[in-house]
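Chemist: I need the structure of the sequence given here:
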Amino acid sequence: MKKNLSIQRDSLNALSTFVLVARVRSFTQAGNQLGISASAVSQQMRKLEAQLEVRLLQRNSRQVSVTEAGEQLLAEVTPSLDQLDLAMQRVRAAHDEPTGLLRINTSRLAAGLLITPRLDAFLARYPRIQLELFTDDAFSDIVQDGFDAGIRLGAFLARDMVSLPLDQGQWEAVVASPAYWQAHGMPQTPADLALHDCIRFRLPGSKRFVPWIFVVDGKEQAIEPTGRLIFSDDAYVTRAACQGYGVAHKFVGSIQEELATGLLVPALQSFERPWSGFHIYYPARKQMPPKLRAFIDFLREAPPV
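Modeler: Numbering: from 1, shown residues only. The predicted model follows:
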């Protein structure tokens, strides 16, 4: 009996490792998450394949891919393993604080505004939660990539997801350095931006430009600015604007220090309107993992203005 229990336990561990390898497509990355070596992960997979008498993974020098048989096994065991993990989390949560690895996919802006300023407080309250923040300005399939939840602006939410707001909306501002405004003059209406060198931001995933939207005579108006600089990293947009290279359209929360110190000066404030704000979104499920519930409740306690 003890031997059979040991075999079952080893098989369960191997299946969990297989699911992780299939998700990250790497023995090394899987080993890093499990705290074991890549060779130990590879050995587990060879034993599992020998036990099932079928090849589950294709290995090459660059990455690991899943065979057709592996995809079938993945589809069969993932829901059961997720259910087991959820059951263990619920039992722990009933007697103790939430625990486990919590993987969040978020934009850099959302991470900087909503999470990192309160990171100390979250880690202190939930010492048994291991938090992984994957900052990505593209749009990831959080289910396929194994994330518990994602955080994006409401206007860019993935479909078929449960979503909850995390703030009261985000305001933008047209900004430039004092030297730039002095040299070129401030625009009086959004249409005047056609006369200025505008610094644009291109979304890394869709490759689309983020629109500059204003309210003119009570109606929303999208402006297509032109300029010599285009970035796919928002931090470079801020830096270029501070250095006087042109006009940027920035979320106010991301440039508080620059505004306070006068490195950037706003214009056209009466024409701005708030975005829908950031939302946390996740797949619909019957029971939410306690670690995710704790994270959501924490972020929504005192939403940033």
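
Chemist: quick one, helices of the chain?
Modeler: Listed in chain order, the helices of the chain (DSSP state H) span 2-24, 27-34, 38-52, 68-95, 108-110, 119-125, 178-184, 234-242, 256-261, 290-301.

Chemist: what's the closest of the ones you listed to residue 216?
Modeler: helix 178-184 (21.2 Å; Cβ to Cβ). For the C-beta atoms, the positions are set from N, CA and C on the backbone; glycine is no exception.

Chemist: pull the CA atoms of that closest one into CSV?
Modeler: This file holds the C-alpha atoms of helix 178-184, laid out as CSV (Å, rounded to 0.1, in the frame of the first residue of the first chain):
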residue,chain,number,x,y,z
PRO,A,178,9.0,74.6,-20.1
ALA,A,179,11.7,75.2,-22.7
TYR,A,180,9.6,73.6,-25.5
TRP,A,181,6.5,75.7,-24.6
GLN,A,182,8.6,78.8,-24.6
ALA,A,183,10.1,78.1,-28.0
HIS,A,184,6.9,76.9,-29.7
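
Chemist: before we move on, back to that, among the helices of the chain, which is nearest residue 62?
Modeler: When the helices of the chain are compared (using Cβ to Cβ), the closest one is helix 27-34, at 11.6 Å.

Chemist: for that closest one, what is the average pLDDT?
Modeler: Averaged across helix 27-34, pLDDT comes to 84.

Chemist: show me which helix or strand of this structure is least confident by mean pLDDT.
Modeler: helix 2-24 (a mean of 71; mean pLDDT, DSSP states H and E).

Chemist: which one of the helices of the chain is the most hemmed in?
Modeler: helix 108-110 (a mean of 21; mean count of other Cβ atoms under 10 Å).

Chemist: average pLDDT across that helix?
Modeler: On average, helix 108-110 scores 87.

Chemist: what does stretch 123-139 give?
Modeler: Stretch 123-139 comes out at a mean pLDDT of 88.

Chemist: any idea how far it is from the chain center?
Modeler: 9 Å (Cα atoms, centre = their mean, to the nearest Å).

Chemist: that older thread, got TSV for the helices of the chain, with distance to residue 274 too?
Modeler: Shown next, in TSV, are the helices of the chain (distance: least, Cβ to Cβ, whole Å):
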stretch	distance to residue 274
helix 2-24	37
helix 27-34	38
helix 38-52	47
helix 68-95	36
helix 108-110	15
helix 119-125	25
helix 178-184	24
helix 234-242	18
helix 256-261	16
helix 290-301	18
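
Chemist: ok, residue 105 touching residue 145?
Modeler: Yes - counting by Cβ atoms under 8 Å, residue 145 is a contact partner of residue 105 at 7.0 Å.
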